[in-house]
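> got a sequence here, can you model it:
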Amino acid sequence: TGTVIQISDDFVTVDVGYKSEGIINIQEFKTYDGQLTTEVGQEVEVYIEKMENDAGQMVLSKDKAEIMKAWDRITQACEANELVDGMVIGKVKGGLSVDIGVKAFLPGSQVDLRPVRNLDKFIGQKYKFKVIKFNKKRGNIVLSRRAILQKERDEMRTKTLSSLDEGMIVEGFVKNITDYGAFIDLGGIDGLLHITDMSWGRVKHPSEIVNVGDEINVKV
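Residues are numbered from 1 along each chain as shown. You can find the predicted model right below:
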């Protein structure tokens, strides 16, 4: 543990109680959008990379100290089947990059229950994730948000099914539209609203009556 004693354009200088201060690259103290996250007097945990460089300074790393601590948390979360908190920090090939203390990969197929065309809207958002695969030697961590959403949906489905009866009027939202009707999400379970049950009048296509996302009352 050391104390920040100076901040320059390139380095943060930290006193760890040795004969010389240590330096850390300023980028290790910046968020994904470039905001500085430290100030003089702050205590930080650091990893000693080199006791002395060519200039006689100790070389430290805040990121590596956090990575070592994060790996311990991730290992425990995996063993206990617990969720981890993270922030989506950018788009990468095949999915998204997530900061959970270390960088982890969220495949596009694991972002939501349905395929997502625009992944940009998730950047900067915080979520809970399930670790579905990790390899400490390679530094690979694969996450899933879909697994959490699916579990929540299954629980909602059970609750909804137990409370439904024929003849009930319930509220739902239009999840999908086809040529023969619309699928209504009643809370974890979808029901078909057939085109012939949409109106007393003639309906050529369900989109004349409803749009995806509409909230409507329907009778079971």
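
> which is the next helix or strand following the lowest-mean-pLDDT helix or strand in the chain?
Sorting the helices and strands of the chain by mean pLDDT, DSSP states H and E puts helix 62-80 at the bottom, at a mean of 81. For helix 62-80, the following helix or strand on the C-terminal side (DSSP states H and E) is strand 83-92.

> could you give the angle of the following helix or strand past that next one to strand 83-92?
Where DSSP H and E defines the elements, the next helix or strand beyond strand 83-92 is strand 95-99. Strand 95-99 runs at 130 degrees relative to strand 83-92, counting by axes from the mean of the first three to the mean of the last three C-alpha atoms, to 10 degrees.

> check the offset of strand 95-99 from the chain's centre.
For strand 95-99, the separation from the chain centroid amounts to 7 Å (computed by C-alpha atoms, centre = their mean, to the nearest Å).

> that one pairs with which strands, parallel or anti?
strand 83-92 (antiparallel), strand 103-107 (antiparallel) (DSSP bridges).

> for those strands, give me TSV that also has mean neighbour count and distance to Leu143.
Yep, even glycine has a C-beta here, placed from its N, CA and C like the rest. Output for the strands paired with strand 95-99, formatted as TSV (neighbours: other C-beta atoms under 10 Å; distance: least, C-beta to C-beta, whole Å):
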stretch	mean neighbour count	distance to Leu143
strand 83-92	18	7
strand 103-107	20	5
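
> may I see those organised as JSON lines, with mean pLDDT and distance to Asp9 added?
Listed next are the strands paired with strand 95-99 as JSON lines, based on pLDDT from 0 to 100; distance: least, C-beta to C-beta, whole Å:
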{"stretch": "strand 83-92", "mean pLDDT": "90", "distance to Asp9": "23"}
{"stretch": "strand 103-107", "mean pLDDT": "90", "distance to Asp9": "25"}
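
> dump the ones you listed into a markdown table; add distance to Glu215 as well.
Below are these laid out as a markdown table (distance: least, C-beta to C-beta, whole Å):
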| stretch | distance to Glu215 |
| --- | --- |
| strand 83-92 | 28 |
| strand 103-107 | 30 |
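
> indicate which one of those is closest to Ala55.
Among the strands paired with strand 95-99, strand 103-107 comes nearest to Ala55, with 29.8 Å by C-beta to C-beta.
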